[in-house]
Every structure is written in C-alpha cells, then in structure tokens.
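next comes the sequence, and after it the predicted model I'd like to discuss.
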Amino acid sequence: MTESDLVELRRELHRHPEPAWCEFYTTARIVEELERRDLDGLYVGPEVLDDDRIGVPDDAELDAWVERARDAGAREDVLRGLDGGYTGAVAVAERGDGPTVALRVDIDALPIEESSDVDHVPASEGFRSENEGYMHACGHDAHAAIGLGVLDAVLDSDFAGTLKVFFQPGEERIVGGEPMANSGHLDDVDALLAVHVGLDHPTGQVVAGIDGFLAVSQFEATFRGTPAHAGARPESGENAMQAAATAVSNLYGISRHADGATRVNVGVIEGGTATNIVPERVGIEGEVRGETTELMQYMDERARRVIRSAAEMHGCGVDIERAGVAPSTESDDDLRAVVGEVARDTPGVTSVLDSDHLGGSEDATYLMRRVQERGGSAAYVCVGTDHPGGHHTSTFDVDEETIGIAVDVLARSLLAWSRRGD
C-alpha cells in the first residue's frame, strides 16, 4: 500500500471505532487487507488469543456490534470466525533463514463522543466516527494502518527470517495483551517492537524505547445493602451508598510506598434509585498502579482490604471483580539502540530521544515480557504526532504524516535487527 492508501485506510477505520472485544469491523477489514499479501500464516480470532479472557461484553452487546459491522460492510465469513468477541489477528511471513522479528499494534477505540466542531479535521473532512459515543481518540486507527505498512515494507525488502505482525484487541481496557501473549505466537520471537503515536511528542520526534510503564490493576466492586424508606425507617436499611463512599474516601488514603511511585483512582460510581430510598446496590470502578509490578500488587492488596472493610463497616456485602491488569517492563537497550540509529537516518525525523517515561500503563508489556522472558529483546517505540487535543479527548486527531514516518522507522529497524549477524 502507498502512503496515501494507508491514510485512506486509517480514515476508514476512524469512521468505525469499536471497543474491546467488539472490534469486528476493524478485524474484518484488516483480514481483507492481509489476505491480499503473500503470507505464510494468517491467524484470526480464537487462533491468536488464549481462552482466559476478561471484560468480554454480554451476548446482547456483542451481537449489536456484530450487526454494526455487518451494516458497515464487514464480510460475513470473517464475522463468523470472530464469534464470542474473539477479535484480532496475527500475520506471519517466512522469508528464509534468519531471526523472528515482530511488531505489535493495537486496534480498539474508546467510549468517547467525537467532536463535530468544524475545526476538527475528521468532522470537516468527512471521516468522523459513525458509531456515536465511540471514537479513535488515541491513534489506534493509525496504528493498524502502520502495521500493514510495515508488513508491506518488510516484504518488499531483502528481509531474511520470519516477520510477525500482531493486531491486538482490547488495549484500552487492558484486557487483550495477556491472552495474546499467552497464545503461543510470541514464543519464538527474537525481537519485538510495539508502537504508539503521539504521547505528547511532536511530529518528527521519535523515542527509541519508552520506559516508565506503570503496572496497573483495575477493579469493579459492587456493594450490596438492604433498601429502606429513607424518611420513615432509615435504620432498617443497610446503606450501600455509604459503604461505597467510605471505600472511595479510604482508597485515597492508602499509604504510598518508599520503593517507588504508586497511584489510585476511582473513576466511576453509580447506583441508587431515588432520594427517599436507602440504596441497596452501588458500584464503583477504579484502578491502582505502581512503578513496578510488585508496587502495583502492594496497592491492589490494600485496595481490596479497604473495599471489604468499608462494606463490613456499613453491614453490606461486596463483590470485587478483576478488570484489566498489566505488568511493568522496560525497553531493552540493544533493540533501543538499533531503533535510535535507524531513526536518526530516516527522512522526516527531526529529533530522536533514546528513552522517555510513559507515566501510564499499556498491556503491550505482556507481549514484551513474554519475549524478554524467553531471551529475546523488546522495545516500545513512540513516533511523535502533532495532535490538537490530548489523548482520550473528543478532539484528538493524528497528523497523518506520522504514518509514513512510523512505517519507515519500524520497518527499517526490524530489517537492521535481522541483519545484525551479517
């Protein structure tokens, strides 16, 4: 595909954003493109994911997203293979003797209403989201296009070895990385690159290897109380709202740790039915993070203790469910050095940073650690892009010049790594 073709594909995917485990149209469209390539393996859905998945929507929601994908033109044979929300794909190209190198890109979107302002380029140029309430507000549409561009560039070269491109679902919910890492497709990978555009770096700047991933654990807690008339007999109820409020307040009081940065946040609280009814059910959703996996586990253990104690204090029951989880990791210096050297010699790149701290979390760490634990190298590359709104905002957009720069840097880096022993 030419650079303009990749831009058009990015815009097409931008029009059809889909959340975790519902990337039916996106996966089908990627599969259509992959089938046009000379590949030695194309694995889709259940073939690229371990069975142990979390955060899968119920059948009604999955069916609704399948219908949206069908209405948008997704192929029926591909949709059947994604039944149950098994989305995502892995492309494999074998080109003689050599190392196995890989690229991971993510493909899901966010539950954000996209801006319709005339100054917002997707709105003014006709590729704003058609799935109201959902948006590619983090650049994963560009990532998917970049993945295809890198595949083409490597296949058009004198590459010797095996290339794998992972199109991963469910990053925004931090649910897709672990089952993809456990699928077995990474077990022979010698070098893995993951990529993200932007991250507050401008167009033309490349970070050769991001570090500073915060390990994260997300939770959903449901407090169960006893309803009562709030005016006539409030003492006969067990107030789930009080339990939830106590939990929220006390979660922010968890002691920080001397060994590194820790975080806690409650992002959702919902429940109750009327002002004159003692609430019998209230749910909260939150997360804890740590500079290391061990620090995240420290926060997670104490968060669960706080939640259970708050429920007991107010005579309520509570169910705590695990949501997304991702470990920490670091980019490897040997692969980072290759990317940096290549980037400094790539047209369109104006500056290169060897490293930067993410300051957030990413489930690419599961794939990176899987490779690293088997003796391979991994690096998380940032290719800067000017974006008028910050990540995860209604006005986020990608400077599409970034797509070509990213393809060049990533493809040439994978080639350079594969030739190190020549």
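Good, I have the coordinates.

all the strands of the stretch 1-150 of the chain, residue numbers only.
41-44, 89-95, 100-106 (DSSP state E, counting those that start in this stretch).

helices or strands up against the second one?
Same thing as strand 89-95. helix 24-34, strand 41-44, helix 140-155, strand 161-168 (3 or more Cβ pairs under 8 Å, 6 or more residues apart in numbering; DSSP states H and E). Using the backbone N, CA and C atoms, a C-beta is placed for each residue, glycine as well.

average pLDDT for it?
Model confidence over strand 89-95, given as mean pLDDT, is 97.

re earlier: can you put the helices and strands packed on strand 89-95 in JSON lines and add mean pLDDT and distance to Ala274?
Output for the helices and strands packed on strand 89-95, formatted as JSON lines (pLDDT from 0 to 100; distance: least, Cβ to Cβ, whole Å):
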{"stretch": "helix 24-34", "mean pLDDT": "98", "distance to Ala274": "38"}
{"stretch": "strand 41-44", "mean pLDDT": "98", "distance to Ala274": "48"}
{"stretch": "helix 140-155", "mean pLDDT": "98", "distance to Ala274": "40"}
{"stretch": "strand 161-168", "mean pLDDT": "98", "distance to Ala274": "43"}
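
most tightly packed of the strands of the stretch 1-150 of the chain?
Highest mean neighbour count of the strands of the stretch 1-150 of the chain: strand 100-106, a mean of 26 (counted as mean count of other Cβ atoms under 10 Å).

and it, what does it pack onto?
Against strand 100-106 (3+ Cβ pairs under 8 Å, 6+ apart) you get helix 140-155, strand 161-168, strand 191-197, helix 364-373, helix 401-418.

now the fourth one, how far from the chain's geometric center?
It stands for helix 364-373. Its chain's C-alpha centre and that of helix 364-373 lie 14 Å apart, by Cα atoms, centre = their mean, to the nearest Å.

what residues sit buried inside it?
Across helix 364-373, burial judged by 16 or more other Cβ atoms under 10 Å covers Ala364, Thr365, Tyr366, Leu367, Met368, Arg369, Arg370, Val371, Gln372.

ok, the third one next?
The neighbour-count criterion (16+ other Cβ under 10 Å) identifies Ala191, Leu192, Leu193, Ala194, Val195, His196, Val197 as the buried residues of strand 191-197.

repeat that for the longest one.
Neighbour counts over helix 401-418 (16+ other Cβ under 10 Å) mark 402-418 as buried.

let me know the average pLDDT across that helix.
98.

does anything pack onto that helix? Which helices or strands?
Partner elements for helix 401-418 (3+ Cβ pairs under 8 Å, 6+ apart): helix 3-15, strand 100-106, helix 140-155, strand 191-197, helix 333-344, strand 377-383.

also the third one?
Under the contact criterion of 3+ Cβ pairs under 8 Å, 6+ apart, strand 191-197 touches strand 100-106, helix 140-155, helix 333-344, helix 364-373, strand 377-383, helix 401-418.

still on that earlier bit, distance to Met296 for the helices and strands packed on strand 89-95 - can I get that in a markdown table?
Converted to a markdown table, these look like this (distance: least, Cβ to Cβ, whole Å):
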| stretch | distance to Met296 |
| --- | --- |
| helix 24-34 | 30 |
| strand 41-44 | 31 |
| helix 140-155 | 24 |
| strand 161-168 | 21 |
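
where does pLDDT dip in the stretch 101-250 of the chain?
When residues are selected by pLDDT under 70, none of them lie in the stretch 101-250 of the chain.

that one: helices as residue ranges?
Remark: helices assigned in the stretch 101-250 of the chain by DSSP state H, counting those that start in this stretch are 121-124, 140-155, 177-181, 240-251.

so for His14, which of those helices sits nearest?
With Cβ to Cβ as the measure, helix 140-155 is the member of the helices of the stretch 101-250 of the chain nearest His14 (4.5 Å).

can you give me how far the closest one is from the chain middle?
17 Å.

elements contacting it?
Using 3+ Cβ pairs under 8 Å, 6+ apart, helix 140-155 sits against helix 3-15, helix 24-34, strand 89-95, strand 100-106, strand 161-168, strand 191-197, helix 401-418.

same list (these) but as TSV, adding distance to Val383.
Shown next, in TSV, are the helices and strands packed on helix 140-155 (distance: least, Cβ to Cβ, whole Å):
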stretch	distance to Val383
helix 3-15	13
helix 24-34	20
strand 89-95	20
strand 100-106	12
strand 161-168	16
strand 191-197	5
helix 401-418	4
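
and Glu280, which of those is closest to it?
Using Cβ to Cβ, the nearest of these to Glu280 is helix 24-34, at 36.4 Å.

quick check: buried residues in that closest one?
Going by 16+ other Cβ under 10 Å, helix 24-34 has these buried residues: Phe24, Tyr25, Thr26, Thr27, Ala28, Arg29, Ile30, Val31, Glu33, Leu34.

and the helices and strands packed on strand 100-106 as a markdown table, adding distance to Val338?
Output for the helices and strands packed on strand 100-106, formatted as a markdown table (distance: least, Cβ to Cβ, whole Å):
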| stretch | distance to Val338 |
| --- | --- |
| helix 140-155 | 15 |
| strand 161-168 | 14 |
| strand 191-197 | 8 |
| helix 364-373 | 15 |
| helix 401-418 | 5 |
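
tell me, how many neighbours does Gly271 end up with?
Other residues lying near Gly271 total 16 when counted by other Cβ atoms under 10 Å.

before we move on, what about Glu294?
14.

circling back: quick one, which of the helices and strands packed on strand 89-95 is nearest to Val118?
helix 140-155 (21.0 Å).

quick one, the closest one and helix 3-15 angle?
Orientation check (axes from the mean of the first three to the mean of the last three Cα atoms, to 10 degrees): helix 140-155 against helix 3-15 gives 150 degrees.

Ser129 against Pro17, yeah?
Yes: between Ser129 and Pro17 there is a contact under Cβ atoms under 8 Å: 5.3 Å.

quick check: closest non-adjacent residue to the residue nearest to the spatial centre of the chain.
In the chain, the residue lying closest to the centroid (Cα atoms, centre = their mean) is Glu171, at 1.8 Å. The shortest distance from Glu171 to any non-neighbouring residue, by Cβ to Cβ, 6 or more residues apart in numbering, is to Asp106 (3.8 Å).

and that neighbour, how far from Gly139?
Distance from Asp106 to Gly139, counting by Cβ to Cβ, to the nearest Å: 9 Å.

assign the residue nearest to Arg304 when sequence neighbours are not counted to helix, strand or coil.
In this structure, Arg304 finds its nearest non-sequential neighbour in Ile320, 5.9 Å apart by Cβ to Cβ, 6+ apart. Recorded secondary structure, Ile320: strand (DSSP: H, G, I helix; E, B strand; the rest coil).
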